[in-house]
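Engineer: Generate coordinates for the sequence data below:
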Amino acid sequence: MTTQKSIGSFFKKKEGNSSNQPQTIATPSIPPQDERPSKCRRIQPEEMNVVDIERDPGLRPMMWEFPFNQRDEIRRAYLKVGPYQPRNIEFPFSGEARDESKREQMAIILRFVDKDGFVRERFFHVVHVKDTMSSTLKNEVCAVLSHYDLHVENIRGQGYDCASNMRGEWNGLQSLFLKECPYAYYVHCMAHRLQLALVTASREVKQVHQFFESLTSIINVVGSSSKRHDELQDAQALHIQNQISNNEIETKKRRKSNWYIAKSWRYSMEFSLSQIMEITNLLCKALQQQSQDIVNAMHLVSTTKSLLQKLREDGPKEAFKSFKVDDICKLVEKYYPKDFTDQENIHLRIQLQHYELDVLKHFDFQEISTLCELCRVLSSFGKSTIYHLVDRVIRLVLTLPISTATTERAFSTMKLVKTRLHNKMEDDFLADTMTIYIEKDITKTFTIEEIMEEFYQIKNRRRI
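Structural biologist: Numbering: from 1, shown residues only. Here you go, the predicted structure:
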C-alpha cells in the first residue's frame, strides 16, 4: 500500500542516502499573529507600563505605535495624568524663536531716550540665524548694526534672558560684547528673574502647590466638555453678580467715580499753586500801587518769604533727602569713564550742587518719583540744556534695559504675520511687515501720497 505524503515531506531535508529509514510527516509551523512583520514599529504589550508613560509630547511615541488593544487604556492614562508642563528646563533661546517655516529668527530691539526725555523701545530688525551659538548671534547683530551705520562701541546696555548662550560669563553673547565694548553692561531680564523666584517660592508653599493641582484638574474636566464649560461660565456670572450686589467688587460706574477722585488728587499740585498765589497776592498788590511805601513793602516781602518757607517745610520737604552728589560722581567715574572727561567730571559736581538747590524752588519737581519723569520734566522746562551733564547721566542710566518684554511681543507678532498660508515669506519682507505692524504709531504718520512719492523716486519707472 502506498504511503501518503504530506506537503511538508517534500520540503523536509533528507538525512543520508538510505531509503529504508522511516519517513516522518512534518506539520508546517505557522508563525503567530503577533510575529508577522509590520511596516510600522509597534510596542509589544510586555514593553508598556502605564505608570511610567512618557508625558512629554515631543518624546512620547505616537498612538498608532501602541498595540491596538491597549490604545484606549493609554488614552485614559494620559487624560488622568493631565497636561504636561516641563519644569527646570533652561530654554536655549533668548531673542530667538521659530517661525511657521521652522526657521530660527532673532529679533533686535533698540532702547534709547529721545530728545523729549521719553524712554523708547523700538523694534529694529529680525534676522534669520543658522544656529544659536553666541558667536553666530554676535556676528549677525554686528552685521545689522553696521548696515545702519551704528557702532558697537556706542552700546551702553544689553539685556537677555537666562539662557546659557546669552548670559554665559566666558563665552556668552553678553561677554563677547563686553570684550569689544566694556561699557555695554548686561542686565538679566527682570521679568525672568521674577518668574524664577515665583516658581521657586511657590514650590515651598503647600497651599500654592495644592492650588495648582486643583486648577489642573478643573481645566482637564471643564476643557473636555462644552456643556461643562457653559455651566462654569454661568456659575461665574452668578458669583460676580452676587459680589456686585454685596459691594465686594467695583462696577464700571464706580471705577469712573474713583477715576475722578484720582484726577482731583492729581490736581493737588494746582491747589498748592493757588495757595502760593494767595500768599503772594498782598505783596503783588502793594508793589503795583503808584505810591510805593518802601518800608511796608519790605515787611511784606519778609512775611511773604516766611509764609512760603513754611509752606515748603510743610510740603514734600523729604523728596530730595536721599540725593547725594558724591555718590552720583562716583557712579560716573566707575561705570561711565569714557562718556565724561576729567574736566566734565569737575563740572558735573558743580552742576549737581546747583541742581540740588534749584529743584527745591520748583513745585513741578516735587511730585517726581522716577527717573523717567525727571528726564521728561528737565527737557520740558529747558533745564536739560542748563544741566546738560546731569541730563547725560540720567539718559545713560535709563538706557539700561529692564526686561525683554518687547522682544517677546515681537515674536507674538511674527506668529500673526507669518502664518501657515504665508510660510514662504522671505526674511526681508518679514522684517518690513513686522516693523509696520509693531510701530503703528509711526506708520500712521505717513500718507499714501508720501509713500508713492518715495517709491517713485527710488527708480525711474516706465511710463505708459
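Engineer: Any idea how many residues pack against Q309?
Structural biologist: 10 (other C-beta atoms under 10 Å). The way it works is simple: take the backbone N, C-alpha and C, and place the C-beta from them, glycine included.
Engineer: mind checking pLDDT for it?
Structural biologist: pLDDT for Q309: 77.
Engineer: Please, which helix or strand holds it?
Structural biologist: helix 294-314 (DSSP states H and E).
Engineer: Okay, now stretch 130-138: how far is its last residue from its first?
Structural biologist: 12 Å (C-alpha to C-alpha, to the nearest Å).
Engineer: pLDDT (mean, whole number) over it?
Structural biologist: Average pLDDT, stretch 130-138: 89.
Engineer: Let me see the ranges of the strands in this structure.
Structural biologist: 96-98, 104-113, 119-128, 158-160, 186-188 (DSSP state E).
Engineer: Partner strands of the last one, with direction?
Structural biologist: This points to strand 186-188. In the sheet, strand 186-188 lines up against strand 158-160 (parallel) (DSSP bridges).
Engineer: For burial, what's the neighbour tally of the closest residue to N171 other than its chain neighbours?
Structural biologist: Spatially, and ignoring its direct neighbours in sequence, N171 is nearest to S134 (5.9 Å; C-beta to C-beta, 6 or more residues apart in numbering). Neighbours of S134 under the rule other C-beta under 10 Å: 21.
Engineer: try G168
Structural biologist: Per other C-beta under 10 Å, the neighbour tally for G168 reads 14.
Engineer: List the contacts of it.
Structural biologist: Taking C-beta atoms under 8 Å, 6 or more residues apart in numbering as the criterion, G168 is in contact with 134, 174-175.
Engineer: and it, how far is that from S379?
Structural biologist: G168 sits 38 Å away from S379, going by C-beta to C-beta, to the nearest Å.
Engineer: ok, now S134?
Structural biologist: Relative to S379, S134 is positioned 37 Å away (C-beta to C-beta).
Engineer: Same check on L421?
Structural biologist: L421 is 46 Å from S379, by C-beta to C-beta.
Engineer: Compare these two (neighbour count), which wins?
Structural biologist: Neighbours per residue, other C-beta under 10 Å: of L421 and S379, the larger number sits with S379, 18 against 7.
Engineer: for that one, what are its contacts?
Structural biologist: Here S379 is in contact with 115-117, 391 (criterion: C-beta under 8 Å, 6+ apart).
Engineer: separation between it and T443?
Structural biologist: Taking C-beta to C-beta as the measure, S379 falls 25 Å from T443.
Engineer: cool, L396 as well?
Structural biologist: Using C-beta to C-beta, L396 is found at 30 Å from T443.
Engineer: Compare neighbour counts for those two and give me the winner.
Structural biologist: Taking other C-beta under 10 Å, L396 and T443 do not tie; L396 has more neighbours (19 against 12).
Engineer: Tell me, please, the helix or strand in this protein that averages the lowest pLDDT.
Structural biologist: Every helix and strand of the chain was ranked by mean pLDDT, DSSP states H and E. The lowest is helix 252-266, at a mean of 49.
Engineer: for stretch 144-153, which positions count as buried?
Structural biologist: Using 16 or more other C-beta atoms under 10 Å as the test for burial, stretch 144-153 gives 144-145.
Engineer: Kindly format the C-alpha coordinates of it as PDB.
Structural biologist: The C-alpha coordinates for stretch 144-153 follow below in PDB (Å, rounded to 0.1, in the frame of the first residue of the first chain):
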ATOM      1  CA  VAL A 144      22.800  94.600  11.200                       C
ATOM      2  CA  LEU A 145      24.200  97.500  13.200                       C
ATOM      3  CA  SER A 146      27.000  98.100  10.700                       C
ATOM      4  CA  HIS A 147      24.500  98.100   7.900                       C
ATOM      5  CA  TYR A 148      22.700 101.000   9.500                       C
ATOM      6  CA  ASP A 149      26.000 102.800  10.500                       C
ATOM      7  CA  LEU A 150      25.600 102.000  14.200                       C
ATOM      8  CA  HIS A 151      28.800 101.300  16.100                       C
ATOM      9  CA  VAL A 152      29.200  98.600  18.700                       C
ATOM     10  CA  GLU A 153      31.400 100.800  20.900                       C
END
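Engineer: Give the rounded mean pLDDT of that stretch.
Structural biologist: Averaging pLDDT along stretch 144-153 gives 90.
Engineer: Which residues does that stretch contact?
Structural biologist: By C-beta under 8 Å, 6+ apart, stretch 144-153 touches 108, 124-125, 127, 142, 177, 180-181, 184.
Engineer: Only the buried subset of those residues, as a PyMOL command please.
Structural biologist: With 16+ other C-beta under 10 Å as the burial test, the buried ones among the contacts of stretch 144-153 are selected in PyMOL as follows:
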select buried, resi 108+124+125+127+142+177+181+184
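Engineer: Make CSV out of the contacts of stretch 144-153 and add distance to L307.
Structural biologist: CSV is the format used below for these (distance: C-beta to C-beta, whole Å):
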residue, distance to L307
I108, 56
F124, 54
H125, 59
V127, 63
C142, 62
F177, 56
E180, 59
C181, 54
A184, 52
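Engineer: where does the stretch 301-450 of the chain dip in pLDDT?
Structural biologist: 311-322 (pLDDT under 70).
Engineer: what's the answer for the stretch 51-200 of the chain, then?
Structural biologist: Looking at the stretch 51-200 of the chain by pLDDT under 70, you get 51-60, 80-97, 200.
Engineer: can we see that at 80?
Structural biologist: Scanning the stretch 51-200 of the chain for pLDDT under 80 picks out 51-66, 68-72, 74-101, 161-164, 193-200.
Engineer: Tell me which stretches of the stretch 201-350 of the chain form helices.
Structural biologist: 206-223, 226-245, 252-266, 268-287, 294-314, 325-335, 342-358 (DSSP state H, counting those that start in this stretch).
Engineer: Quick check: T404 touching D161?
Structural biologist: Yes. Contact criterion C-beta atoms under 8 Å: T404 and D161 qualify, at 5.9 Å.
Engineer: So for the two, which residue has more residues nearby?
Structural biologist: Taking neighbours as other C-beta under 10 Å, T404 and D161 compare with T404 leading, 24 against 21.
Engineer: Find the nearest non-adjacent residue to that one, please.
Structural biologist: Nearest one to T404, counting by C-beta to C-beta, 6+ apart, is C189 at 4.6 Å.
Engineer: Same check on S101?
Structural biologist: In space, and not counting its chain neighbours, S101 is closest to N423: 4.5 Å by C-beta to C-beta, 6+ apart.
Engineer: how much space between that neighbour and K102?
Structural biologist: Taken as C-beta to C-beta, the span from N423 to K102 is 9 Å.
Engineer: And for V377?
Structural biologist: 49 Å.
Engineer: Of the two, which one has the most company?
Structural biologist: For V377 versus K102, the count of surrounding residues by other C-beta under 10 Å is larger for V377: 18 against 7.
Engineer: which residues in the stretch 351-464 of the chain form helices?
Structural biologist: 371-380, 383-386, 388-399, 405-417, 427-438, 440-443, 448-458.
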